[in-house]
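Engineer: What shape does this take:
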Amino acid sequence: MTETIYHFITHPLLLSVFWAWIAAQTIKVIVSSVNEKKISLHRFIEPGGMPSSHAAAVVALLTGVGIRQGVTSTLFIVTLVLALITIYEAIGVRRQSGRQAELINELFRYLARRRSVKHQLIEQLGHNPLEALIGCILGFFMALFWM
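Structural biologist: Numbers count the residues shown, from 1 in each chain. Below you'll find the model as predicted:
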C-alpha cells in the first residue's frame, strides 16, 4: 500500500501537472504583485490572470501522455479533448463570466449611490488568449522537464 502511494505521488506525469500548476500560480502572484505594486499572495488561489494554470496543467498532462503513450494512443486523444475543452472554457465561458461580473459590479456601484449595496463579484475569472498561450507553453516545458 505504501509503495503504491509512493509510486503514485512520484509519478512523472503527476509531478509535471503539479509543478506546472504551482509554477503558473507562482508566476501569477509575481505578475500581480508587480502590476499592483504590492505583494498579492491571494492570487495564488484565485482564478484568472497571467498565466493560465488550467492551461498549464492540462497541457502538461497532454504532453506527458503524448510522450509516454504516443500521440496516436486513445489516452492521448482523450487528453487532447480534455485540454481543448478546458482551454476553450477558460478563454470563452469564464472570461465572459468575468465581463458580466464587471458589469454587475458597475451596476452595484451605481446603486450604492442611492442605497447601501455591499456585494462585490470577482471580475477576473477567465483568461485572454495570451494568458492561455503562456500557460500552454509553461505546461509543455514542465512536462518535457519531468517526463
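Engineer: does G66 really touch F76, like I thought?
Structural biologist: Yes. G66 lies in contact with F76 (C-beta atoms under 8 Å); the separation is 5.3 Å. Every C-beta, even on glycine, is put in place using the N, C-alpha and C of the backbone.
Engineer: need the contact list for V59.
Structural biologist: Residues touching V59, when contacts are defined by C-beta atoms under 8 Å, 6 or more residues apart in numbering, comprise 20, 83, 135-140, 143.
Engineer: and if we set it to 10 Å?
Structural biologist: By C-beta atoms under 10 Å, 6 or more residues apart in numbering, V59 lies in contact with 16-17, 20, 52, 79, 83, 86-87, 132, 135-143.
Engineer: all helices of the chain, in order?
Structural biologist: Using DSSP state H, the helices found in the chain span residues 2-9, 12-36, 53-69, 74-91, 93-112, 129-146.
Engineer: Out of the ones you listed, which one sits most buried?
Structural biologist: helix 53-69 (a mean of 24; mean count of other C-beta atoms under 10 Å).
Engineer: so that helix versus helix 74-91, what angle?
Structural biologist: 170 degrees (axes from the mean of the first three to the mean of the last three C-alpha atoms, to 10 degrees).
Engineer: In terms of secondary structure, what does the helix or strand of the chain with the lowest mean pLDDT contact?
Structural biologist: Per-element confidence for the chain was summarised using mean pLDDT, DSSP states H and E. The lowest value among helices and strands belongs to helix 93-112, with a mean of 71. On a contact count with 3 or more C-beta pairs under 10 Å, 6 or more residues apart in numbering; DSSP states H and E, helix 93-112 meets helix 129-146.
Engineer: Just the mean pLDDT for the helix it packs on, thanks.
Structural biologist: Throughout helix 129-146, pLDDT has a mean value of 96.
Engineer: who are the neighbours of that helix, in terms of helices and strands?
Structural biologist: If you count contacts as 3+ C-beta pairs under 10 Å, 6+ apart, helix 129-146 packs onto helix 12-36, helix 53-69, helix 74-91, helix 93-112.
Engineer: now the least confident helix or strand of the chain, how far from the chain's geometric center?
Structural biologist: 21 Å (C-alpha atoms, centre = their mean, to the nearest Å).
Engineer: Export the helices of the chain as JSON lines, with columns for distance to H42.
Structural biologist: Supplementary listing: these in JSON lines, determined by distance: least, C-beta to C-beta, whole Å:
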{"stretch": "helix 2-9", "distance to H42": "27"}
{"stretch": "helix 12-36", "distance to H42": "9"}
{"stretch": "helix 53-69", "distance to H42": "14"}
{"stretch": "helix 74-91", "distance to H42": "19"}
{"stretch": "helix 93-112", "distance to H42": "16"}
{"stretch": "helix 129-146", "distance to H42": "18"}
